[in-house]
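*Asks:* Quick one, fold the following:
(one chain, ligands or ions: 1)
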Amino acid sequence: MKVIAVNAGSSSLKFQLLEMPKETIICSGVVERIGLKDSIFTIKYGDQRQVEIIDIDTHKVAVEKLLEKLVDFGIVKSLEDIEGVGHRVVHGGEKFKDSVAITDEVINAIDEVSELAPLHNPANLTGIHAFMEALPNAFEVAVFDTAFHQTMDPVSFMYSVPYDWYTKYGVRKYGFHGTSHKYVSERASVMLGKDSKDTKIIVCHIGNGASLCAVNGGRSVDTSMGFTPLAGISMGTRSGDIDPAIIEFIANKEDKSISEVMTELNKRSGYLGLSELSSDSRDLWEAVERGDAKSILAVEKQAKMIADYIGAYYLLLGGCDAICFTAGIGENAVETRKLVIDRLGVLGIELDHDKNLTRGKETVISTDESKIKVLLVPTNEEVVIARDTVRLMK
Ligand code: ADP
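*Replies:* Here you go, the predicted structure:
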């Protein structure tokens, strides 16, 4: 059975076509710059990679183009071959604690939650509508970034603010990257040879966006992102946790609106803000090699924040079987993993420096003597989306 996993952003659409239940990738690709001139359509199929520059005005056109290519390349005989479509949806609020089959009611609910994710949910909905029109007979499923974290206790998800902010406006911690945290913690349990019910895992999803999650017995008990993805550790362009009083202070000093200061915290902080150089980890590590002091500060600040969260989650979980690294930086930036683990020596954690040179492959990167295992686990959100689509189809 063929299932397509879709991640629609405001100007992009990523897709992966999988053969289920074998979970093999048939083809994958991305349409970038939707709505702008010279959109870029990239599709990978076997060892072929085709890049086409064409004007794609809307997500609907992107989906039509994509499906046309699948037929032209002979990847599918007819569009009826695609039986399921799984959509990544960023925010499910408190309503969605699991993935769901898409109905009109679900679409309305995703729309209602858009207030909490104004940049993401409307884009995700555009992808849903485009596929529903193009593949009217396929089974459509929504998979939420927030759903995995709905198991958190109020003591973890409530902020210490007037209670009625929660009841009136839904102000609480939601957390994100749930699909990745779920996948990685499950793989970690397999790598440990244990049932996930019997494991305590800390997942560090460190990409351009980054969050940590404490997973006890397969359930998220706390996570570092919050009401929005701005909270937690320092990221590519986001500040992570700061004293909220800074916002009013800077607004006054620089004669800016709150929303302008928020843009600075979202787009001009983190790696980019501290280094004044780049939001990309590769650029920073190159600069670190040259001895660039601000870049050194940027990577060390992030590593400290990651280690601080790991310490807090170690206490919350009452111990820990494994710390996992995943996503662009977690899977590839050997140096970041080292900086983080070097701060955790007091917990008896030891990195195997040779194994830590591994990139992008499931590996135990701690020594045999290490009290807590450190794992490198490449994430695979698409496979979770495809699995959930098949599960709900049944
Ligand atoms: P997102 O999905 O949040 O956009 P990714 O998970 O793709 O982000 O991660 C992007 C980050 O991963 C970038 O900072 C990039 O520099 C980093 N990255 C990717 N490959 C490497 C590498 N080989 N070494 C160091 N960093 C890497």
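
*Asks:* What residues sit buried inside stretch 138-158?
*Replies:* Neighbour counts over stretch 138-158 (16 or more other C-beta atoms under 10 Å) mark 138-152, 156-157 as buried. No exception for glycine: its C-beta is placed from N, CA and C like everyone else's.

*Asks:* any chance you could map the strands in the stretch 1-150 of the chain?
*Replies:* For the stretch 1-150 of the chain, the strands identified by DSSP state E, counting those that start in this stretch occupy 2-8, 13-19, 24-32, 39-45, 48-54, 82-89, 100-101, 139-144, in order along the chain.

*Asks:* Same list (those strands) but as JSON lines, adding distance to M191 and mean pLDDT.
*Replies:* Supplementary listing: the strands of the stretch 1-150 of the chain in JSON lines, determined by distance: least, C-beta to C-beta, whole Å; pLDDT from 0 to 100:
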{"stretch": "strand 2-8", "distance to M191": "23", "mean pLDDT": "96"}
{"stretch": "strand 13-19", "distance to M191": "22", "mean pLDDT": "96"}
{"stretch": "strand 24-32", "distance to M191": "21", "mean pLDDT": "95"}
{"stretch": "strand 39-45", "distance to M191": "27", "mean pLDDT": "94"}
{"stretch": "strand 48-54", "distance to M191": "31", "mean pLDDT": "93"}
{"stretch": "strand 82-89", "distance to M191": "25", "mean pLDDT": "97"}
{"stretch": "strand 100-101", "distance to M191": "30", "mean pLDDT": "98"}
{"stretch": "strand 139-144", "distance to M191": "23", "mean pLDDT": "98"}
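
*Asks:* Those into JSON lines, with extra columns for distance to the ligand?
*Replies:* Rendered in JSON lines, the data for these read as follows (distance: least, C-beta to the nearest ligand atom, whole Å):
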{"stretch": "strand 2-8", "distance to the ligand": "10"}
{"stretch": "strand 13-19", "distance to the ligand": "10"}
{"stretch": "strand 24-32", "distance to the ligand": "12"}
{"stretch": "strand 39-45", "distance to the ligand": "15"}
{"stretch": "strand 48-54", "distance to the ligand": "18"}
{"stretch": "strand 82-89", "distance to the ligand": "11"}
{"stretch": "strand 100-101", "distance to the ligand": "24"}
{"stretch": "strand 139-144", "distance to the ligand": "16"}
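
*Asks:* Now distance to A210 too, for these, in JSON lines please.
*Replies:* Formatted as JSON lines, the strands of the stretch 1-150 of the chain follow (distance: least, C-beta to C-beta, whole Å):
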{"stretch": "strand 2-8", "distance to A210": "17"}
{"stretch": "strand 13-19", "distance to A210": "19"}
{"stretch": "strand 24-32", "distance to A210": "21"}
{"stretch": "strand 39-45", "distance to A210": "25"}
{"stretch": "strand 48-54", "distance to A210": "28"}
{"stretch": "strand 82-89", "distance to A210": "17"}
{"stretch": "strand 100-101", "distance to A210": "27"}
{"stretch": "strand 139-144", "distance to A210": "19"}
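
*Asks:* Show the pLDDT at whichever residue of the stretch 201-350 of the chain sits closest to the ligand.
*Replies:* Closest contact between the stretch 201-350 of the chain and the ligand, by C-beta to the nearest ligand atom, is at G328 (2.0 Å). Reading off the per-residue confidence, G328 sits at a pLDDT of 95.

*Asks:* Which other helices and strands does the strand or helix carrying it contact?
*Replies:* Assessed by DSSP states H and E, G328 sits inside helix 327-332. Applying 3 or more C-beta pairs under 8 Å, 6 or more residues apart in numbering; DSSP states H and E, we find helix 327-332 packed against strand 200-206, helix 281-289, helix 334-342.

*Asks:* The ligand contacts on the stretch 201-350 of the chain?
*Replies:* For the stretch 201-350 of the chain, the residues in contact with the ligand under the definition C-beta under 6 Å from any ligand atom are 207-209, 236, 280-282, 327-329, 332-333.

*Asks:* In PyMOL, select just the buried ones from those.
*Replies:* For the buried members of these, the matching PyMOL selection, counting by 16+ other C-beta under 10 Å, is:
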select buried, resi 207+208+209+236+280+281+327+328+329+332+333
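
*Asks:* Present the residues of the stretch 201-350 of the chain next to the ligand as CSV; the columns should include distance to I341.
*Replies:* As requested, those are exported to CSV (distance: C-beta to C-beta, whole Å):
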residue, distance to I341
G207, 19
N208, 22
G209, 22
G236, 21
D280, 22
S281, 17
R282, 20
A327, 17
G328, 18
I329, 14
N332, 16
A333, 12
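
*Asks:* now V221, what's its secondary structure?
*Replies:* For V221, the reduced secondary structure class is strand; criterion used: DSSP: H, G, I helix; E, B strand; the rest coil.

*Asks:* and it, how many neighbours?
*Replies:* V221: 18 surrounding residues under other C-beta atoms under 10 Å.
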